[in-house]
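**Q** quick one, structure for this:
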Amino acid sequence: MPKTAEISETPGQRFGSAYGMGALAAVSAMHFINDLHPTMLPTFLPEMVSRLGLTLAEAGFLSTLFGVFNLVVQPFAGHFADRLNRPSLALLAPFLTATGACLLPVAPSFRVALLFVSVMGFGTASFHPQGHGLAGLFGGNKNLGLSLAIFAAAGNLGAALSPLYGIFLLGALGPSRMPFAILFVLVVALVARRAVPSGYVDKGRTESASASAHKGETTSGRFFRVFMICLPITLIALIRDTTSQGIRVFLPLLVTGRGGGIELGGAVLFAFTLAGSFSTLVGGRMADIFGKRRVILIMMILAPIFLFPAVKLSGMFSVVLFVLGGACIASTAPVTIAMAQEFVPESRSTASSLVMGVPWGLANIMASPIGKLGDIIGLETALSFVALSPLLVAASMAVGAVFKRARRPEK
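**A** Numbers count the residues shown, from 1 in each chain. Okay, here's the model as predicted:
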């Protein structure tokens, strides 16, 4: 494998080639490893609430802090990654994510728990922009939706297994020995390192940067241009991620509040997240075939149909509805990222951070007011409002389509 590779849309590097598939598999494996750890926060949250005497608002603030790091760090990490011709963030950041997550069970106080969540948040915020950028780059433009769906599916699978993995580590190693699990991250990173070039040159990005410099566009001006182009997609992703994260954070608490144990809460969370890992593959492929906007609209209508009764009901039927609703929500994740990367292919990492990192960070921040609302009106009622929020996306897209059609000149 050469030390430096030129990445462009050439026959030898398109999706399906040995080089492209190997590099895509490597960054997807690191996505799996990184996302194997953050969902330990809602998994351990019931135990932390009991042990540290936290309120629902304080419990939600832990997720809010995690979101703040993603909101603030991801755009900078994406902007930096677009100028970094090495996969450093994609290979090293998961170590921080794993460290913060594995220390949560030994947090002696709320303040220390905030510190561990900060480490975890900085790690995952640093990883995702470059990870998404490399996935789109190595996968190729011809099947951009599918390559990003594969990358997203790996992360969702890690997030789905995270509750079971965290409970397993806690039982097998005990709280004090959980940091030894970071060695597993090291092994995967060393293997992935062999499949990803130590240096790469994105030909399309280089040509675009030269054109921008020729026009006199500054770095801040380029960032603002990308931000404005991606803003509509970012707003769609914000509503979607607020729904997903709101349910994901408080679902174990909803289960335990109805008499279930932490193991049952982790199992339901596992099923909810696992459905998303497979649905991203379906959503990405459907977007390549039927169109991205159409897929987003349909899924945002279907999600509340499943999620609202899931919150109101209990038992196995409720779990099935949560799984179906979670699948609809997650299926749109690679679709929005693919749209952004198509709009600004010269700034893949920045675009990915704006439509994935910023909404996800804001969604985690919303966990605190959702928790506060749950303290006031009850968790079930609060989650009912969360479950209906995707209808805002469907309504805005429908209104936008009507205005667009009305502005068309008559023939």
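**Q** helices of the stretch 1-150 of the chain, residue ranges please.
**A** 18-35, 40-52, 56-81, 88-103, 110-139, 144-173 (DSSP state H, counting those that start in this stretch).
**Q** can you pull the contacts of the closest residue to residue 365 other than its chain neighbours?
**A** Closest residue in space to residue 365, ignoring its immediate chain neighbours: residue 67 at 4.2 Å, by Cβ to Cβ, 6 or more residues apart in numbering. For glycine as for every other residue, the C-beta is placed from the backbone atoms N, C-alpha and C. By Cβ atoms under 8 Å, 6 or more residues apart in numbering, the contact set of residue 67 is 121, 245, 360, 361, 362, 363, 364, 365, 366, 367.
**Q** could you do residue 40 as well?
**A** So, once contact is read as Cβ under 8 Å, 6+ apart, residue 40 ends up touching 101, 102, 104, 162, 163, 165, 166.
**Q** hmm, 7 Å instead?
**A** Going by Cβ atoms under 7 Å, 6 or more residues apart in numbering, residue 40 touches 101, 104, 162, 166.
**Q** could I get those residues as JSON lines with pLDDT and neighbour count?
**A** Below are those laid out as JSON lines (pLDDT from 0 to 100; neighbours: other Cβ atoms under 10 Å):
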{"residue": "101", "pLDDT": "89", "neighbour count": "32"}
{"residue": "104", "pLDDT": "87", "neighbour count": "25"}
{"residue": "162", "pLDDT": "84", "neighbour count": "24"}
{"residue": "166", "pLDDT": "86", "neighbour count": "25"}
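**Q** any idea of the pLDDT on the residue nearest to residue 365?
**A** According to the prediction, residue 67 has pLDDT 75.
**Q** now swap in residue 399 and tell me
**A** 67.
**Q** what bits of the protein have low per-residue confidence?
**A** Along the chain, the model assigns pLDDT under 70 to residues 1-20, 139-145, 197-219, 399-411.
**Q** hmm, 50 instead?
**A** Along the chain, segments meeting pLDDT under 50 span 1-16, 201, 203-207, 210-214, 411.
**Q** buried ones in the top helix by length along it?
**A** Longest helix in the chain, counting residues (DSSP state H): helix 219-257. Using 16 or more other Cβ atoms under 10 Å as the test for burial, helix 219-257 gives 222-223, 226-227, 229-230, 233-234, 236-257.
**Q** and for stretch 347-360?
**A** In stretch 347-360, counting by 16+ other Cβ under 10 Å, buried: 347-360.
**Q** export that stretch as CSV, just CAs?
**A** Extracted in CSV, the C-alpha atoms of stretch 347-360 (Å, rounded to 0.1, in the frame of the first residue of the first chain):
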residue,chain,number,x,y,z
SER,A,347,-15.7,20.1,1.9
ARG,A,348,-16.9,16.6,2.8
SER,A,349,-15.9,16.7,6.4
THR,A,350,-17.2,20.2,7.1
ALA,A,351,-20.5,19.3,5.4
SER,A,352,-20.8,16.1,7.4
SER,A,353,-20.1,17.9,10.6
LEU,A,354,-22.8,20.5,9.9
VAL,A,355,-25.6,18.0,8.9
MET,A,356,-24.6,15.3,11.3
GLY,A,357,-22.5,16.7,14.2
VAL,A,358,-24.3,20.0,14.8
PRO,A,359,-27.8,18.5,14.8
TRP,A,360,-26.7,15.5,16.9
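**Q** elements contacting the helix or strand harbouring residue 342?
**A** Assigned by DSSP states H and E, residue 342 belongs to helix 333-343. Judged by 3 or more Cβ pairs under 7 Å, 6 or more residues apart in numbering; DSSP states H and E, helix 333-343 is in contact with helix 144-173, helix 219-257, helix 262-290, helix 292-312, helix 348-352.
**Q** dump the ones you listed to a markdown table, plus distance to residue 110.
**A** Shown next, in a markdown table, are these (distance: least, Cβ to Cβ, whole Å):
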| stretch | distance to residue 110 |
| --- | --- |
| helix 144-173 | 19 |
| helix 219-257 | 16 |
| helix 262-290 | 19 |
| helix 292-312 | 28 |
| helix 348-352 | 33 |
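**Q** to residue 338, which of these lies closest?
**A** With Cβ to Cβ as the measure, helix 144-173 is the member of the helices and strands packed on helix 333-343 nearest residue 338 (4.6 Å).
**Q** tell me which other helices or strands that closest one touches.
**A** Here helix 144-173 touches helix 18-35, helix 40-52, helix 110-139, helix 262-290, helix 333-343, going by 3+ Cβ pairs under 7 Å, 6+ apart.
**Q** run the last query once more with 10 Å
**A** Packed against helix 144-173, as judged by 3 or more Cβ pairs under 10 Å, 6 or more residues apart in numbering; DSSP states H and E, are the following elements: helix 18-35, helix 40-52, helix 88-103, helix 110-139, helix 262-290, helix 316-330, helix 333-343.
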